[in-house]
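starting from these lines, generate the structure:
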Amino acid sequence: MKNANHAEWQATFSVGNDEIDAQHRLMLDLLNHLYDALYEHQPRKSICAILDEAGEFATVHFATEERLMAECCFPGLEEHRDAHETYRRLVKDIRQRSKEEQGQDLFFFLKEWWLGHLLQVDVLYATWLKPAPAP
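Numbering: from 1, shown residues only. All right, here's what the predicted structure looks like:
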């Protein structure tokens, strides 16, 4: 079900790499699935399963990004790794503090973090990922 609160993919999110763009789209889909589960008052077990899946996928995605950044010698790799680590710590802290209830505030935090990360941080390495033009 589409909802105005969903995190919708926009062309401005693209980093010009099919693998990363597909992963970003999947993460937004997972966030929307989380929102729907919260909105529909699904059981806590279902919500936790979605959060676990999103957490595991974020780990895979961050590793992919960092590998590609290392391969293209992106100078901001360490700062980007730090942003990923900060995200992991924040999500872990939020989940530990809200064991009784996973609310929409968690969804909105995740949505804002991902959209901000896409538009302000990931765009920094986009030009580095593009192959150099043939001579």
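
what's near enough to touch the residue nearest the centre of the chain?
Within the chain, one residue has its C-alpha closest to the average C-alpha position: by C-alpha atoms, centre = their mean, that is residue 114, at 4.6 Å. Residue 114 makes contact with 7, 24, 27-28, 31, according to C-beta atoms under 8 Å, 6 or more residues apart in numbering. Any C-beta I mention is one placed from the backbone N, CA and C, and that applies to glycine too.

switch to 10 Å and redo it
7, 13, 24, 27-28, 30-31, 54, 58, 87, 122 (C-beta atoms under 10 Å, 6 or more residues apart in numbering).

would you agree residue 84 is in contact with residue 60?
No - no contact is recorded between residue 84 and residue 60 when judged using C-beta atoms under 10 Å, the distance being 11.7 Å.

if we can go back for a sec, may I see the buried residues of the helix or strand harbouring the residue nearest to the centre of the chain?
Secondary structure here is read from DSSP states H and E; on that basis residue 114 sits in helix 104-116. Going by neighbour count (16 or more other C-beta atoms under 10 Å), the buried part of helix 104-116 is 106-107, 110-111, 113-115.
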